[in-house]
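Student: here you go, sequence then predicted model.
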Amino acid sequence: MNWREAYFAQAWSDFQVFQQLNVGRHPLCHKLHYLQMATEKLAKGFLCDPKSPPPKKSHFEFVRFLKVSKGRPDLRSKLGYERNYRAYASYVDSLLPLAEKIEDLAPVGSDFRKVNPEYPWIDDRGGVRCPALYDFAEFGITELAKIQPLISSLFRVIGFH
């Protein structure tokens, strides 16, 4: 197994957990946590060279991948956009604000003031917040539903169904 295959396999596993959580009455933090991990690893799989050493450790790859994907006619074609760059670019551009919010969910170092779905943090008033009890109002249900078809299609492109 190479790095690309490993990232894709782990991304698929994370996405399956996200989908299972998404049909139940689970705290939104768990859904967002698995969505963030799945998109990060899926992006790393597409961006890394399978013959190279491991890619740098970073949680911030999904937005970069989406931007890069606009310049990949092979990928656009497999996603059903054949020669329609404008339609695909417009679609990707419409997802970038959400992708940035998903990417920004990753906890970074020891920043105890950063809202995230994994660890408690300190809010603006100095109180401690728990992800399982936080509503993540910045993520609407329809907004999350908007990005799922692309993620599912990307998994189909790499042979995961």
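Tutor: Here it is on my side, so go on.

Student: who touches the residue nearest to residue 42 when sequence neighbours are not counted in this structure?
Tutor: Excluding its sequence neighbours, the residue lying closest to residue 42 (CB to CB, 6 or more residues apart in numbering) is residue 11, at 4.0 Å. Every C-beta, even on glycine, is put in place using the N, C-alpha and C of the backbone. The contact partners of residue 11, by CB atoms under 8 Å, 6 or more residues apart in numbering, come to 37-42, 44-45, 155.

Student: which is the next helix or strand following the host helix or strand of residue 11?
Tutor: Element membership of residue 11 [criterion: DSSP states H and E] is helix 3-22. Next along the chain after helix 3-22, taking DSSP H and E as the criterion, comes helix 28-47.

Student: now, which of the contacts of residue 11 sits nearest residue 79?
Tutor: The nearest member of the contacts of residue 11 to residue 79, counting by CB to CB, is residue 155 at 11.3 Å.

Student: how near is the residue nearest to the spatial centre of the chain to residue 133?
Tutor: Note on the chain: the residue nearest the mean C-alpha position is residue 39, at 2.5 Å, using CA atoms, centre = their mean. Using CB to CB, to the nearest Å, residue 39 is found at 24 Å from residue 133.
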